[in-house]
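In: okay, sequence plus prediction incoming.
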Amino acid sequence: MFSLTGKIALVTGGSRGIGATIARQLAGAGATVVVNYNSNAEAAAAIVADIAAAGGQAVAMQADVSQTEAAAELVKAVQKQFGKLDVLVNNAGTTRDNVIMMMKEEDWDYVIDTNLKSAWNCSKAAARIMLKQRSGRIINITSVAGIAGNAGQSNYSASKAGLIGLTKSLAKEIGPRSVTVNAVAPGFVPTDLTNDIITQMKDKIIEHTSLQRLGTAADVAAVVVFLASDEAGFVTGQVIAVDGGMVL
Ligand code: NAP
């Protein structure tokens, strides 16, 4: 088990799904976790309570991280309350799937802003702190759809491919100050985001997965905890697929 004792971690979209499990596991490893959410205050409060009940430390902070000013204010609030920021997990994400002929411009903009611009917003604000600290971890939750593409997800796949470019560029840019930037690319994990698609395509997904099962949020969070740890200090610019061998 990797120790994150004394670290301050911010998880965007930590109120539900994969982000909630990442928040729990980071706290379980000893980090103090800021659970960001956009609209679901009750869910965020429940995760904070769960973490506290397990002996960990967490607070919830609302911000729509697709908005540049709101994301900057969120990161500032973390620094104000805790005096530093060690780990940023850009996890907030959404889908608005459709074939391109039916996809509206607002569906493109909404998904790009929520999944990609949010990460740029938060990374910019966090980099200001991490560069001064000469340490930090930025971990972007991308997707196998950003590596292999997916019919009906031109907006989502583009946002996730964009996150990979952002990861590699920032890794080159801020690595000299000992800040690492990596991406984790989950396969299919049952959450609110994927329940419909998994219900419709479960057998097909499993058939195309070498390990013959769906992923879990815990599978993803375990890799995030590693990337957040001191032991991962020489790993940067990488995209680690947690997909059971779906995209090889
Ligand atoms: P989810 O269950 O739908 O949870 C999404 C989270 O993002 C919620 O906490 C939500 O907050 C938050 N969020 C959405 N828009 C936001 C915004 N503008 N500002 C702040 N927070 C925002 O999704 P999930 O399945 O856990 O997905 C988490 C990440 O993993 C996403 O980036 C997704 O693309 C990626 N991923 C998921 C899968 C999968 O199979 N599930 C596979 C590959 C990649 P509220 O609760 O306030 O709405």
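Out: It's in. Note that this is a predicted model, so its numbers are computed, not measured.

In: name the SS class of Ala241, please.
Out: strand (DSSP: H, G, I helix; E, B strand; the rest coil).

In: once you drop chain neighbours, what's closest to it?
Out: Excluding the flanking residues, the one nearest Ala241 by Cβ to Cβ, 6 or more residues apart in numbering is Ala185, at 4.5 Å. For every residue, glycine as well, the C-beta is placed using N, CA and C.

In: again, but for Ile206
Out: Leaving aside its sequence neighbours, Ile206 sits nearest to Gln212 (Cβ to Cβ, 6+ apart; 5.7 Å).

In: give me the next element, helix or strand, following the top strand by length along the chain.
Out: Taking DSSP state E as the criterion, the chain has its longest strand at strand 179-186. Next along the chain after strand 179-186, taking DSSP states H and E as the criterion, comes helix 195-207.

In: quick one: stretch 40-58 to chain centroid distance?
Out: Per Cα atoms, centre = their mean, to the nearest Å, the displacement of stretch 40-58 from the mean C-alpha position of its chain is 18 Å.

In: how about that stretch: buried residues?
Out: Asn40, Ala43, Ala44, Ala46, Ile47, Val48, Asp50, Ile51, Gly56, Ala58 (16 or more other Cβ atoms under 10 Å).

In: how about the CA coordinates for that stretch, as PDB?
Out: Taking C-alpha atoms only, stretch 40-58 is exported to PDB below (Å, rounded to 0.1, in the frame of the first residue of the first chain):
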ATOM      1  CA  ASN A  40     -24.900  17.000  -6.400                       C
ATOM      2  CA  ALA A  41     -24.100  18.400  -2.900                       C
ATOM      3  CA  GLU A  42     -25.800  15.500  -1.100                       C
ATOM      4  CA  ALA A  43     -23.700  12.800  -2.900                       C
ATOM      5  CA  ALA A  44     -20.500  14.800  -2.100                       C
ATOM      6  CA  ALA A  45     -21.500  15.100   1.500                       C
ATOM      7  CA  ALA A  46     -22.100  11.400   1.700                       C
ATOM      8  CA  ILE A  47     -18.600  10.600   0.300                       C
ATOM      9  CA  VAL A  48     -17.100  13.000   2.800                       C
ATOM     10  CA  ALA A  49     -19.000  11.300   5.600                       C
ATOM     11  CA  ASP A  50     -17.900   7.900   4.400                       C
ATOM     12  CA  ILE A  51     -14.300   9.000   4.400                       C
ATOM     13  CA  ALA A  52     -14.600  10.400   7.900                       C
ATOM     14  CA  ALA A  53     -16.300   7.300   9.200                       C
ATOM     15  CA  ALA A  54     -13.400   5.300   7.900                       C
ATOM     16  CA  GLY A  55     -11.000   7.500   9.800                       C
ATOM     17  CA  GLY A  56      -9.900   9.700   6.900                       C
ATOM     18  CA  GLN A  57     -10.100  13.400   6.200                       C
ATOM     19  CA  ALA A  58     -12.100  15.100   3.400                       C
END
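
In: what does the protein have sitting close to the ligand?
Out: By the rule Cβ under 6 Å from any ligand atom, the part of the chain lying against the ligand is 12-13, 15-19, 36-40, 43, 64-66, 91-94, 114-115, 118, 141, 143, 186, 188-189, 191-194.

In: max-length helix in the protein?
Out: Assignment by DSSP state H gives helix 154-174 as the longest helix of the chain.
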